[in-house]
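[1] Fold the following.
(one chain, ligands or ions: 1)
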Amino acid sequence: MAPRKLIAGNWKMNLLKAEGEALVRALGGSLSGTPKPACDVLVCPPFTLLGALAPLCRETGLALGAQDCHAKSSGAFTGDVAAPMLADAGCSHVIVGHSERRSLHGEDNATVKAKAEAALAAGLVAIVCVGETEAERDSGKAEEIVVAQLLASLPQGASAKTLVVAYEPVWAIGTGRTPTVEQVADMHAALRKALGGVLSDAAGLRLLYGGSVKPGNAAELLAVANVDGALVGGASLSHGDFWAICQSCG
Ligand SMILES: O=C(CO)COP(=O)(O)O
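    From the prediction side, this is the model:
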């Protein structure tokens, strides 16, 4: 049976406290109304808002996640945040290996794997992101490249309960462009197959699609086989847009 869908909002480096609180209150209000969406809902605000938003999320049934963590559990790493600190702040999830971390902070697969392992050790669900660049897509080898990236980024000891994988084509992030439903279906099938080779419960693992998910394309993308939810950037900053995406889960 396909896993229950997960709609995750990655706020990136956006929103101040009052704005974040207003957004979480609005989402919480929608979640407590009817009809209930056929998905779990997660928000991933910047580090500075986690402490303030944790009680609000708990009250309203929203899951809370962070956007990154360090691979070590403590130490002399100025400016970094460790996975146990995120769990302590009330997070249940953390995104690792987002393409913006990979490209702007030079994170390679080994770093992402170490961060994901730190997340699991702290009791968090790791959301491991993978995706090809436009040049890689044009080379005709996108599936091969992304599968290799995934296998090299996977934490040891993961299961469907502790790991989520997000496929985010780099060229679709923040551009308004998306792959065709056929391209998404082919990539997600390839990722599921690769996961099946290393995890006994790969069928139950959530595979999210991310990259320019909007209310207008969410239903179509979420209906694709092996798409178990979405990782939403820009549209997650608007209550109306994000809630419309949550309601597209059918
Ligand atoms: O990077 C993303 C989510 O992690 C996608 O961002 P957009 O939805 O703004 O394209």
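[2] check contacts around the residue of the chain found nearest the ligand.
    Residue nearest to the ligand within the chain: G233 (2.2 Å; CB to the nearest ligand atom). Every C-beta, even on glycine, is put in place using the N, C-alpha and C of the backbone. Residues counted as contacts of G233 (CB atoms under 8 Å, 6 or more residues apart in numbering) are 10, 12, 173-174, 210.
[3] Contacts only, for the residue lying closest to A89 once chain neighbours are set aside.
    Leaving aside its sequence neighbours, A89 sits nearest to L50 (CB to CB, 6 or more residues apart in numbering; 4.4 Å). L50 sits next to 64, 66, 86, 89-91 when contact means CB under 8 Å, 6+ apart.
[4] ditto for G174
    G174 touches 212, 233-234, counting by CB under 8 Å, 6+ apart.
[5] Please tabulate these in CSV, including the columns secondary structure and pLDDT.
    Formatted as CSV, the contacts of G174 follow (DSSP: H, G, I helix; E, B strand; the rest coil; pLDDT from 0 to 100):
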residue, secondary structure, pLDDT
S212, coil, 98
G233, coil, 98
G234, helix, 98
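[6] I'd like to know which of those residues is nearest to A135.
    S212 (18.6 Å; CB to CB).
[7] what about the closest one, neighbour count?
    S212 is flanked by 21 other residues according to other CB atoms under 10 Å.
[8] try P35
    Neighbour count for P35, taken as other CB under 10 Å: 6.
[9] Doesn't it belong to a helix?
    No. Counting by DSSP: H, G, I helix; E, B strand; the rest coil, P35 is not part of a helix but coil.
[10] buried residues in stretch 192-205?
    Using 16 or more other CB atoms under 10 Å as the test for burial, stretch 192-205 gives 192, 194-195, 199, 202, 205.
[11] Pick out the most distant pair among those.
    Farthest apart among the buried residues of stretch 192-205 by CB to CB are A194 and L205. That separation is 11.2 Å.
[12] Stretch 59-69 and the ligand in contact?
    No. Applying CB under 6 Å from any ligand atom, one finds stretch 59-69 separated from the ligand by no less than 8.4 Å.
[13] got the buried residues for that stretch?
    Across stretch 59-69, burial judged by 16+ other CB under 10 Å covers 60, 62-69.
[14] Now pLDDT and secondary structure too, for those, in CSV please.
    Output for the buried residues of stretch 59-69, formatted as CSV (pLDDT from 0 to 100; DSSP: H, G, I helix; E, B strand; the rest coil):
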residue, pLDDT, secondary structure
T60, 92, helix
L62, 97, coil
A63, 98, strand
L64, 98, strand
G65, 99, strand
A66, 99, strand
Q67, 98, coil
D68, 98, coil
C69, 98, coil
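[15] can you pull out the strands in the chain?
    With DSSP state E as the criterion, the chain has strands at 5-10, 39-44, 63-66, 93-96, 125-130, 163-167, 206-210, 229-232.
[16] what's in contact with the first one?
    With CB under 8 Å, 6+ apart as the contact definition, strand 5-10 has outside contacts at 37-44, 65, 67, 93, 95, 98, 127, 164, 166, 206, 208, 210, 222, 228-233, 236-237, 242, 245-246, 249.
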